[in-house]
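Novice: This is a predicted model, with the sequence first.
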Amino acid sequence: MAERVHRALRGSRLVTVADGDHVQYRNDNACVDGVVDRYLLDGRIPARDMTCPGRPLPVPAGAAER
């Protein structure tokens, strides 16, 4: 879906978060925070589409003990 919208919006950039969950902005993902902050504060967008690493999902309590 996001890719279809991206193609329809001329000049847009698609920022993909690999292996992540929702709510990446302002949630300890420096790559996403940097992209969004630059856009909101300066109106700058990335030069090209990009992928940010995802913030890993939390390990369920007790899973590390197994």
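Specialist: Happy to help now that I have it. Since the model is a prediction, treat every value here as computed from it, not as a measurement. Numbering: from 1, shown residues only.
Novice: Only the C-alpha atoms, please, for the top helix by length along the chain, written as PDB.
Specialist: The longest helix of the chain (DSSP state H) is helix 30-42. Output of helix 30-42 as PDB, limited to C-alpha atoms (Å, rounded to 0.1, in the frame of the first residue of the first chain):
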ATOM      1  CA  ALA A  30      17.700   7.500  15.600                       C
ATOM      2  CA  CYS A  31      17.500   6.900  11.800                       C
ATOM      3  CA  VAL A  32      13.800   7.500  11.700                       C
ATOM      4  CA  ASP A  33      14.000  10.400  14.100                       C
ATOM      5  CA  GLY A  34      16.600  12.100  12.000                       C
ATOM      6  CA  VAL A  35      14.600  11.800   8.700                       C
ATOM      7  CA  VAL A  36      11.400  13.100  10.300                       C
ATOM      8  CA  ASP A  37      13.100  15.900  12.300                       C
ATOM      9  CA  ARG A  38      14.900  17.200   9.200                       C
ATOM     10  CA  TYR A  39      11.600  17.200   7.300                       C
ATOM     11  CA  LEU A  40       9.600  18.900  10.100                       C
ATOM     12  CA  LEU A  41      12.300  21.400  11.100                       C
ATOM     13  CA  ASP A  42      13.900  22.300   7.700                       C
END
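Novice: how far does that helix sit from the chain's center?
Specialist: With CA atoms, centre = their mean, to the nearest Å as the basis, helix 30-42 stands 10 Å off its chain's centre.
Novice: Okay, Ala2 and Gly11: tell me how far apart.
Specialist: 16 Å (CB to CB, to the nearest Å). Placement of C-beta: from N, CA and C, glycine included.
Novice: Which element, helix or strand, includes Val5?
Specialist: Secondary structure from DSSP states H and E places Val5 in helix 2-8.
Novice: Alright, I will stop here.
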